[in-house]
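Undergrad: quick one: sequence and predicted model below, then my questions.
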Amino acid sequence: MTHAVVLGTGMIGTTVVRELAKFPNIKRVTAVDGSQKNIDKCLQVADNPKVTGKLTNLQTKEDIYNVIKDADIAVACLPHSLSVTAVNAAIAAKCNLVDLVGSQFEEKMKLDHQAKEAGVIIVPGCGVAPGITNFLAARGIEMLDEADDAVMVCGGIPRHPLPPLWYQVVFRLESVMGLYTRPALAAENGKLVNLPPLSGLETMSFPEPIGECEAVVTDAHSAAYTLKDKVKHLYEKTVRYSGHWRKMAVLAELGFLDQEPIEVNGHLVSPAKLTEKILEPKLHGQSNEDITVLRVTTKGRKDGVSKTYTWEMIDFYDHDRNITSMAKTTAIPAMLVANWIANDRIKEKGIVPVEKIMIGERFDPFLSELNEYGIDIKFQEGH
């Protein structure tokens with residue numbers, strides 16, 4: 001009798017609720033949110049007697065503890081700022097947790113012993129990136145005798161891009177702004193390194209209708225920690241249409257993304273906050289149709305021969321479920337991992353990122369399940 005709780009019922013949380021409730025082994029799903037409107041919409045979309053809504057302000061460890069203390073598994077679809085709070089609450093409640101947020105991995109790893117003592121598994125960063133990208137990189141490294149490079153490339157881009165930035169926000173603008181200003185964690189020769197934001201600009205192309213894009217280095221999250229001793233170089237890169245990163249780099253160079261307030265006519269103004277306000281209306285597309293592109297490449301040697309393993313995914317807006325591609329490719333991996341935990345197919349305990357789980361003999365079955373939900377990842381081997 002598995003009772004699952006989904007924390008946050010935006011587009012991603014609602015997708016998790018609807019799909020999780022379809023499994024026969026999941027007997028109850030509680031959809032929790034601070035907005036009754038979100039809950040009502042979620043219940044309408046899920047359209048399943050197993051699903052109930054619960055209105056709770058999810059702000060503190062106690063708030064989250066109270067809604068998951070009687071649950072077997074929880075899926076956190078919450079803002080970055082609540083991620084560590086959710087992990088602490090899950091350990092206190094002795095409830096397994098799948099979390100979409102991959103940031104603050106070091107802080108979460110400090111709770112590994114407590115999670116093991118509580119007899120639960122916490123899976124951080126379990127969406128598309130971090131998430132799918134991580135376990136593909138881990139699998140590629142695993143398939144090689146000696147791994148030189150692992151590059152995880154991913155990005156959510158509009159199906160119908162508009163100038164001047166050729167991008168539209170499908171999630172939270174604050175998460176996007178972080179990509180322009182935060183140093184990017186990577187791994188080089190067994191060590192963690194922080195690279196400057198907007199560095200490593202590279203042009204690449206994807207099949208039509210996408211065409212030419214560009215990517216810069218962004219945070220590799222848990223993969224930098226877990227894979228640094230298994231590969232010489234590991235990076236994550238985020239994709240946008242050509243021109244986007246270059247324009248944002250100019251804004252950064254001129255100080256428009258600085259946090260430190262400056263005085264303007266007697267008022268203190270944060271350049272970054274002002275820029276966010278100015279950019280926001282320019283980051284709404286003409287439709288909410290999007291595309292998620294993903295390419296994970298590992299290079300090295302196998303049986304003395306140079307090998308390159310590449311996985312690629314081009315995913316479009318999901319008209320059947322009426323959700324963005326980014327929401328689908330983020331929600332489905334988390335939902336499936338939660339169900340695997342509920343089914344006892346994952347027996348590990350502690351803080352265990354997905355790249356330590358979906359490798360070896362679990363890799364192909366998990367990829368098959370993603371495929372059944374319309375997440376089609378193609379594999380190519382080269383020299």
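TA: Noted; the coordinates are in hand.

Undergrad: tell me which element the residue nearest to V128 when sequence neighbours are not counted is part of?
TA: Counting by C-beta to C-beta, 6 or more residues apart in numbering, V128 lies nearest to T329, which is 4.1 Å off, once chain neighbours are set aside. C-beta here means a position set from N, CA and C on the backbone, and glycine is covered the same way. Element membership for T329 (DSSP states H and E) is helix 325-342.

Undergrad: averaged pLDDT, that helix. What do you get?
TA: Mean pLDDT, helix 325-342: 97.

Undergrad: and the helix or strand of the chain with the lowest mean pLDDT, what does it pack onto?
TA: Every helix and strand in the chain was compared by mean pLDDT, DSSP states H and E; the lowest is helix 173-181, with a mean of 81. Applying 3 or more C-beta pairs under 8 Å, 6 or more residues apart in numbering; DSSP states H and E, one finds that helix 173-181 contacts helix 244-253, helix 271-279.

Undergrad: burial of G119, as a residue count?
TA: Using other C-beta atoms under 10 Å, G119 has 11 neighbouring residues.

Undergrad: I figured it hits N96, correct?
TA: No. Using C-beta atoms under 8 Å, G119 is not in contact with N96, being 9.1 Å away.

Undergrad: could you check how far the next helix or strand after the helix holding T329 is from the centre of its chain?
TA: Next helix or strand after helix 325-342 toward the C-terminus (DSSP H and E): strand 350-351. Chain-centre distance of strand 350-351: 18 Å, with C-alpha atoms, centre = their mean, to the nearest Å.

Undergrad: also stretch 211-228?
TA: Offset of stretch 211-228 from its chain centre (C-alpha atoms, centre = their mean): 12 Å.

Undergrad: then stretch 364-381?
TA: How far stretch 364-381 lies from its chain's middle: 17 Å, per C-alpha atoms, centre = their mean.

Undergrad: ok, and what's touching it?
TA: Applying C-beta atoms under 8 Å, 6 or more residues apart in numbering, the external contacts of stretch 364-381 come out as 19, 132, 135-136, 294, 307-313, 315, 318, 320, 328-329, 332-333, 336, 340, 358.

Undergrad: which of these fall in helices?
TA: E19, I132, F135, L136, K328, T329, I332, P333, L336, W340 (DSSP state H).

Undergrad: show me which pair in these is furthest apart.
TA: E19 and L136 (21.5 Å; C-beta to C-beta).

Undergrad: so those two - more neighbours on which side?
TA: L136 (31 against 22).

Undergrad: how close does the more buried one get to K328?
TA: L136 sits 17 Å away from K328, going by C-beta to C-beta, to the nearest Å.

Undergrad: repeat for T226
TA: Look at T226 and K328: by C-beta to C-beta, they are 26 Å apart.

Undergrad: these two - which one has more neighbours?
TA: For T226 versus K328, neighbours defined as other C-beta under 10 Å are more numerous around K328 (26 against 22).

Undergrad: surely the more buried one and D320 touch.
TA: No. Between K328 and D320 there is no contact under C-beta under 8 Å: 9.6 Å.

Undergrad: so who does Y167 touch?
TA: Counting by C-beta under 8 Å, 6+ apart, Y167 touches I157, P158, P161, R240, Y241, H244, L283.

Undergrad: dump the residues you listed to CSV, plus distance to K61, neighbour count and pLDDT.
TA: Putting the contacts of Y167 into CSV (distance: C-beta to C-beta, whole Å; neighbours: other C-beta atoms under 10 Å; pLDDT from 0 to 100) gives the following:
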residue, distance to K61, neighbour count, pLDDT
I157, 36, 23, 95
P158, 37, 24, 95
P161, 41, 18, 90
R240, 36, 23, 96
Y241, 41, 18, 96
H244, 38, 20, 95
L283, 33, 16, 84
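
Undergrad: need those residues in CSV with secondary structure and distance to A115, can you?
TA: What follows is those, written out as CSV (DSSP: H, G, I helix; E, B strand; the rest coil; distance: C-beta to C-beta, whole Å):
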residue, secondary structure, distance to A115
I157, strand, 36
P158, strand, 39
P161, coil, 42
R240, strand, 36
Y241, strand, 40
H244, helix, 39
L283, helix, 37
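
Undergrad: any idea of the pLDDT on M1?
TA: Checking the pLDDT column for M1, the value is 69.

Undergrad: which SS state does P163 fall under?
TA: coil (DSSP: H, G, I helix; E, B strand; the rest coil).

Undergrad: for it, phi and psi?
TA: Backbone geometry at P163, expressed as degrees, to the nearest 10, gives phi -70, psi 160.

Undergrad: distance of it from T203?
TA: 19 Å.

Undergrad: and if you look at T275?
TA: Applying C-beta to C-beta, the value for T275 to T203 is 25 Å.

Undergrad: strands along the stretch 151-300 of the chain, start to end?
TA: Along the stretch 151-300 of the chain, counting by DSSP state E, counting those that start in this stretch, strands occupy 184-188, 191-195, 202-206, 211-218, 231-241, 262-264, 267-269, 290-302.
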